[in-house]
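Asks: here is the input, now give the coordinates:
(chains A, B, C and D, ligands or ions: 4)
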Amino acid sequence: AKPAPTPAPAEPAAPAEPAAPAAATEADCAKPEVICIGLVTDVGEVDDKSFNQASWEGVVAGGKEVDAIVNYVETKDAKDYVANMQLFLDKGYDILVTVGFALGDATVEAAKANPDVKFIGVDQFQGEVVPNLAGLIFDEAKSGFLAGVLAGKLTKTKVVAAVLGTDLVPPVVNFNRGYVAGAKWVDPEINVISTYHPGGMDVAFTDPDWGATTARQAIGQKADVVFGAGGKTGNGALIEAASNEGLYCIGVDTDQWETVPEAHKCLVSSATKAISPSIVDLIKMAKDGSFPGGNYIGSSALAPFHDFEAIITQEIKDALDEGLKAYDANAITLPEK
Amino acid sequence: MEQKTPSKNNWLMTIWRTIRVPLLAILSALLVGAVILLVSGADPLKAYAALFKGAFGNANYLKRTLEKTTPLIFAGLSVTFAFKAGLFNIGAQGQLLMGAITAGFLGFAIKGLPPVLHIVLALLGGCAAGAFYGLIPGLLRSYSGAHEVITTIMLNYIAINLTDYLADGPWKDRSGTNVIARLPLIEDSARIPFFGPVPVGFIIAILIAFIIWYMLERTNFGFEINSVGLNSHASRYAGMKTKLLMTSALVVAGLLAGFGGSVETLGVVGRFQPGFNAGLGFDGITVALLGRSNPFGVILSSLLLGAMKGGANVMQFDAKVPHEIIDVIQSMMLFFVTADLVIRKLFRIIKDTGGEVTLTAGWGQK
Amino acid sequence: MTVGVMNNGKIRRRPAWASPLIFGVIVIAVAVFSFMKNPSVTEAVMSAMIRFAVPLMLGALCGIYCERAGIVNIGIEGQMLLSAFTAYMTNVWTGNLILALLAGALTGALLGYFLAVISIKLKLNQIIGGTVINILAIGITGFFYQVGMTTKGKFGPIRLGPLAKIPLVGPVLFNNPPITYIAFLMVIISHIIFFHTRWGLRTRAVGEHPRAADTLGIDVFKTRYLNTIIGGALAGLAGAFLTLEGVGTFERNMTNGRGFIALAVMIFGKWNPIGSALAALLFGLANALQTQLQFMGINIPHQFIGMIPYALTIVVVSGFIGRSRPPAAEGTPYEKE
Amino acid sequence: MKTTTDTPVLETKDITKTFPGTLANSKVSIRLEQGEVLALLGENGAGKTTLMNIIYGLYDQDSGEIFLNGEPYNIRNPHDAIAAGIGMVHQHFMLVPVFTVLENIMLGAEVMKGPFLNKTQARQEILELSNRYGLEVDPDAVVEDLPVGIQQRVEILKALFRDVKILILDEPTAVLTPQEIQELFQIMRHLTESGVSIVFITHKLKEVLEIADRIVIMRRGEVVGEANPRQVSEHDLANLMVGREVSLVVDKSEAAPKGVQFEVKDLVVKDPMKGLAVNHVSFAVRAGEVLGIAGVQGNGQTELAEAMTGLRKHEGGTVWISGMETPQANPRALVEHGMAHIPEDRHKHGLILQYPLTDNFVLCTYYKEPYSKHGVRNKKAILTTAEELIKRFDVRTPSAFISAGDLSGGNQQKVIVARELSRDVSVVIANQPTRGLDVGSIEYIHKTLIRLRDEGAAVLVISSELDEIMSLSDRIAVMYRGEIVDVVDAKQTTREELGLLMAGSKS
Ligand SMILES: Nc1ncnc2c1ncn2[C@@H]1O[C@H](COP(=O)(O)OP(=O)(O)OP(=O)(O)O)[C@@H](O)[C@H]1O
Ligand SMILES: Nc1ncnc2c1ncn2[C@@H]1O[C@H](COP(=O)(O)OP(=O)(O)OP(=O)(O)O)[C@@H](O)[C@H]1O
Ligand SMILES: [Mg+2]
Ligand SMILES: [Mg+2]
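Replies: Ligands and ions are numbered 1, 2, ... in the order given. Next comes the predicted model:
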């Protein structure tokens, strides 16, 4: 049911393609000429249509570029982060990607203990520079802001909604702060109604029914753009919006046109952070020796408009450009939460 | 209630008699798992070898297995103790969280204590928090009649919210490097150490299991708890304070779960972090049932579950088997271990006389 | 023959649905009031209440069928999850929503049969039986679920002609997708079955005092089997609701504890269909309200708002409904010598 | 009323049934003729109920056959039995406590109107039945709210509601008043006249002689004899049953009462359904005397007993033991004050059925030395006591580790009596102490109560059994509608006087 942990084409969740480069196997990872890249997920599955999956896709694509053997371990219990990294380290892997802020401490420690191995920590802000550890972080508020501007431009009712995962982790909060700021930047009169999932970490991202019902509740009070930002919970909100006529919805993290086809009817764009491409870049840098320690800021932007290209008028595009300029010029103040 | 078998012949034989059915059950569950693995195209032998290696293969693996076993024992004991009083404690999860966060708070907030004292203090705090969290449904059950199944489920959700709030609010780690909701690391003086590869927390858990067994089997308090669980009217007739007993059963249950949470924080995680204790309370129910509401049974079943949890990632890594299969095997184990009848039929073992176990029948006592 | 007997023992008993009904009346009063002030918000909250309530209602009904016949079912969660999965898969393969609905109900029924065999034939502990179902469902769905499958759609609302035009009530009650109607219908039908038909009388007798029922020639085993299977089918509908009506797609673990809440709802409603339906609605309302409070930007940590439904339930259960008494023979296998 | 035909309506041949550790029926053969009342006598645990349960399809026999009207008939379950026209009133009520009388009666024989229950018509039919037989009940009362006597009526109505050809009555009279018993006999005669055959089980020999056409006696699972009620005496029957000489009268010396040892002052118990269940009751029992409380079931005896023994809160009044006021609703304190209590409902209050006998024997004293020390139980001491009590009170059990629930009802009662009366007690409250017991056991319990009296205890016996009250008591208080209407001297009163008092007509 999972993408095979061997080199695979960069399509999402495609089945295994056993052709390993140069007939090298995992047993050869300890050899210097064989590059092996391992990925440790945060609690959850590698095909979660969210950051675990995006990271894995980056690893697969990057592995292809540098001719590497790739493999993953899914974390089932948050207490296994270290143990799961150790699985790769014992085998002599060269590059380790760990996904999620929660793995931050464990990754720093492992990086310090294994200076020869390159570590990429997705969503992990680095307080100090460890040369062989790149913390891949994003300015979520930026793409959130653009999503807000887009929503503000599209809304006719002056009510836009956000259905969010938990506020226990910063990325989700930052997306929302940007979103609120963006909509208000277009028109301060716009009412942004946003909700975080009330459950804990273990359910906040995996509750599509809550997401759908909450989106519906927002739509019922005239919201006509729904920003779904919270893993599968957010996806539920997108799909709910898609089942109504004349509504727009905005996805998150990756271009959700690819991951949530059920939402095509409303999905104008997604507030993305470029996890996969950044990982590919970092992998390439690791290979050619230019690996950057410390924080590495990946790009965050709006995804393509796909079928909605026609609706996005030049005026809206101009507004997006202008907003981006204002944002980059630090002219935008973000709300607290 | 333990059943007496007067004949004290060969104790080896006796041990074999008691464990052969569970052993065969585990075997059957593994067989079913093997079939599923085969069907899905994986090599069951390789998978199981990896599972075993991941659970016991080296000191590190063993250590992790024991770490995973420890909270299960506590949660299992918690559920068991309430069962004995005829109460179904679905609230172990919440009690565990309350214990974990309290111990985590005491672990970082108090500075400069000598190690043993700090550990004891943090443990006591965690136990008290868990006990308090058991007291609420206990009092509600005894004095307002609110059913403990509802109140403990609700209290679980409240505990999640409350600990999330604390971890993201007043008690959040505000150091520059931290961005997420969690408490600061506990002081070194509050860390529960290891005894070789064996976590001291595990040793404590075994000790507590023994104490609970002794309490239930040998003390008046245990007798009263059992009596209330079986017939509260007769217990009242016999002069027992049934409401107080039901309340204290949930308090003890809460204390045990809180203890488990504290040991987890102080011995394994090192801080309180939302999501790190997910599902332990429900595993406690599984463990209690699998261990047939007997404290020693709870130890064994926790070890079994702990080993499966411990070995799962190696199995996934080495044998390329999705770890969901572990859930399937686990449920089959639960099924076969309790389905004596099936096993006995399958392997043609005649029923031992006696040895009937009392588990809870329904939503606690009527 | 009545010498000296003081009373033939008639005491006023409050019906099981009485206290939830009081709440119902209060809720309606508040709803009407707020409707006059803010129609669209009130409508949205009420609709969300119903949506939250439907799976709980069906799950609780499942519990009632099983437990009224003397079988404890804590496997509702697992029944819902697996049924949600099969309903979804059927929808993916056939694109036929009706077939998918049937597949969901059938899966639930099969798991009900499984629970019945465990508890009636094998005489195992029923709580274990339920736990087996719960874990098994997580394992199987996780194992077989594949990302990337899409469905052609989900059930949309059916307007019930002129009824749907009544202000507030119309859009909330008479403009819903089919499973919602089925749920409400099943509540009423079940109430009639339990309290006005032969089958119901016998079922209740079997759950209270199987030996007494047996002495009157009632087939205890058959009664238990059938009720557990019917209950399972209802849990299956609850699961199908999630994938065919609520969200439209499947995610691992998407039940997120709704099966357990359904149990609480069942106990709250004192094992009575109408009482439980009202309890489910109360629960749904609390959920919708906590979302609404966040929408309104109430400035308190949302965790406290998130606690509201649960705290409210505790208050209600301990203060108002008093002791709920389960069917006396529940959980104990029936044995003939 | 025997109308002899060649073939008996019911016949069992060599029925054998064993339970783990017990041979409950051993090659039992009985015959039941058309229209007769066959009485089945036997001490507790003799196997009467087991045999009836086999006939009714509740148990499967290990071997042996059943014939109906001469034809072998395979009864696999009660459904078959009902189909064959067999009805049974069970020793332990087979009523659904939370159902109404109406629901209980129609269950399994529902009156329908289309797919729905027709409660109106069923109510009509039940009212007709109850008028015809004088079995007055409120069809809409919930059974668990009813006193046991009325529950028994419901059981009988249940049987009458389905037309039966063979009626099994397993100890139906244990909870009935003398008047109710007479009315039951009336019904039985009525039924036999219309051709119904009845198996009647009881421990009361008077009743057997009065109603039976034939008597079959069982002992330890076997049929040991048959008797003609017109040719035997109570005494003969008792001896046949128990297999030894039993004395049916309590032989007791003159009471030598001393000071007041137990006193109830102005006790008031409210009941949500009855109002004042106990209405300002006061009385005193002296050391060395037996005070009997007579009364028809349901006149507040249960509430009085529960309040006196701490099982229930009372709304007013006080209870004194040896001149000391006792605290409310605190059974433990009463035990400490020297009270022994034989409760009315042995399954609810008296025993923890899942516990072995050992634990049941120390249920009220487990916390005392030598059974426990510093809160730790001493299982050896408990076992020693249990084995001693089993011997002393002749409890029929294979071992002290058997669960109480596996004993026959009579033996369960003995366990309670042994536990309560083996303590050092100054006050004994015995509520229906011999209900359902065989004559041998009754003799033993009566003797023990008198012995305790003679040793200086204040003994209070509550019983709806007039014979028991009259033969045990030194003084008799009669309860009616929550009040004590009179206290009479046992030696001077008559059954008739008591009967009138119990019926509420003050002399
Ligand atoms: N279900 C059972 N399991 C085990 N033993 C049983 C069971 N039912 C009856 N017995 C045993 O079988 C024997 C006969 O019991 P039975 O109930 O038939 O006696 P009885 O003649 O009806 O006695 P009583 O006068 O007390 O009602 C007793 O020793 C009893 O303990
Ligand atoms: N399945 C069982 N397992 C163990 N003991 C049982 C079982 N069924 C009944 N008993 C016990 O065996 C005894 C005989 O049961 P039964 O139903 O025949 O009652 P009885 O003997 O007629 O009633 P009484 O209590 O007056 O003797 C009872 O005391 C009952 O508690
Ligand atoms: Mg009997
Ligand atoms: Mg008996």
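Asks: list the buried ones in stretch D:280-292?
Replies: With burial defined by 16 or more other Cβ atoms under 10 Å in any protein chain shown, the residues of stretch D:280-292 counted as buried are D:281, D:283-292. C-beta: built from backbone N, CA, C; applies to glycine.
Asks: wait, does stretch D:153-172 make contact with ligand 3?
Replies: No: Stretch D:153-172 stays out of contact with ligand 3 when judged by Cβ under 5 Å from the ion, the minimum separation being 5.8 Å.
Asks: tell me the secondary structure at residue 335.
Replies: By default, I'm working from chain A. coil (DSSP: H, G, I helix; E, B strand; the rest coil).
Asks: would you confirm that it contacts residue A:182?
Replies: No: assessed by Cβ atoms under 8 Å, residue A:335 is found out of contact with residue A:182, at 10.9 Å.
Asks: quick one: name whatever helix or strand follows the worst-scoring helix or strand of chain C on mean pLDDT.
Replies: In chain C, no helix or strand scores lower on mean pLDDT, DSSP states H and E than helix C:18-37, which sits at a mean of 73. For helix C:18-37, the following helix or strand on the C-terminal side (DSSP states H and E) is helix C:39-68.
Asks: identify each buried residue in the following helix or strand past that next one, please.
Replies: Proceeding N to C from helix C:39-68, the next assigned helix or strand is helix C:76-94, under DSSP H and E. Under the neighbour-count criterion of 16+ other Cβ under 10 Å, helix C:76-94 has C:76-92 buried.
Asks: does helix C:76-94 come close to chain A?
Replies: No: Helix C:76-94 is not in contact with chain A by Cβ under 8 Å from any Cβ of the partner chain; minimum separation 9.4 Å.
Asks: just give me the neighbour total for the residue in chain D positioned nearest to chain B.
Replies: For chain D, the residue closest to chain B is residue D:332, as judged by Cβ to the nearest Cβ, at 3.0 Å. Using other Cβ atoms under 10 Å in any protein chain shown, residue D:332 has 16 neighbouring residues.
Asks: same question, the one 4 residues further on
Replies: Residue crowding around residue D:336 was assessed by other Cβ under 10 Å; the count is 13.
Asks: chain A versus that one, what's the distance?
Replies: Note on residue D:336: its distance to chain A, by Cβ to the nearest Cβ, to the nearest Å, is 51 Å.
Asks: one more: residue B:23?
Replies: Residue B:23 is 26 Å from chain A, by Cβ to the nearest Cβ.
Asks: interface residues of the stretch 201-350 of chain B facing chain C?
Replies: So the stretch 201-350 of chain B meets chain C at B:285-286, B:289, B:322, B:324-332, B:334-335, B:338-339, B:341-342 (Cβ under 8 Å from any Cβ).
Asks: beta-bridge partners for residue D:476, please?
Replies: Taking DSSP bridges as the rule, residue D:476 bridges to residue D:292, residue D:488.
Asks: ok, residue A:335 and residue A:182, which is more surrounded?
Replies: Set side by side, residue A:335 and residue A:182 show more neighbours around residue A:182, with 34 against 12, by other Cβ under 10 Å.
Asks: okay, now the closest residue to the more buried one other than its chain neighbours: neighbour count?
Replies: Nearest non-adjacent residue to residue A:182, counting by Cβ to Cβ, 6 or more residues apart in numbering or on different chains: residue A:148, 2.1 Å away. By other Cβ under 10 Å, 33 other residues sit near residue A:148.
Asks: ramachandran coordinates for residue A:148?
Replies: phi -60, psi -40 (degrees, to the nearest 10).
Asks: just the pLDDT for it.
Replies: Per-residue pLDDT puts residue A:148 at 96.
Asks: what residues are up against it?
Replies: Counting by Cβ atoms under 8 Å, 6 or more residues apart in numbering or on different chains, residue A:148 makes contact with A:160, A:178-186, A:192, A:227.
Asks: tabulate the residues you listed in a markdown table, adding columns for pLDDT, distance to ligand 1 and secondary structure.
Replies: Formatted as a markdown table, the contacts of residue A:148 follow (pLDDT from 0 to 100; distance: Cβ to the nearest ligand atom, whole Å; DSSP: H, G, I helix; E, B strand; the rest coil):
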| residue | pLDDT | distance to ligand 1 | secondary structure |
| --- | --- | --- | --- |
| A:160 | 97 | 70 | strand |
| A:178 | 96 | 73 | helix |
| A:179 | 97 | 70 | helix |
| A:180 | 96 | 71 | helix |
| A:181 | 96 | 76 | helix |
| A:182 | 96 | 76 | helix |
| A:183 | 96 | 74 | helix |
| A:184 | 96 | 77 | helix |
| A:185 | 95 | 80 | helix |
| A:186 | 96 | 80 | helix |
| A:192 | 95 | 70 | strand |
| A:227 | 97 | 67 | strand |
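Asks: specify which member of those is nearest to residue B:234.
Replies: Residue B:234 has its nearest neighbour among the contacts of residue A:148 in residue A:227, at 61.4 Å by Cβ to Cβ.
Asks: excluding chain neighbours, what is closest to the closest one?
Replies: residue A:162 (4.3 Å).
Asks: tell me what angle the least confident helix or strand of chain C forms with helix C:39-68.
Replies: 170 degrees (axes from the mean of the first three to the mean of the last three Cα atoms, to 10 degrees).
Asks: and the residue in the stretch 151-300 of chain A that chain D sits nearest to, how far is that from residue C:238?
Replies: For the stretch 151-300 of chain A, the residue closest to chain D is residue A:209, as judged by Cβ to the nearest Cβ, at 35.8 Å. As for residue A:209, its distance to residue C:238 is 11 Å (criterion: Cβ to Cβ, to the nearest Å).
Asks: more neighbours, those two?
Replies: Taking neighbours as other Cβ under 10 Å, residue A:209 and residue C:238 compare with residue C:238 leading, 35 against 26.
Asks: residue D:303 is in contact with residue D:271, correct?
Replies: Yes: using Cβ under 8 Å, residue D:271 is in contact with residue D:303, at 6.3 Å.
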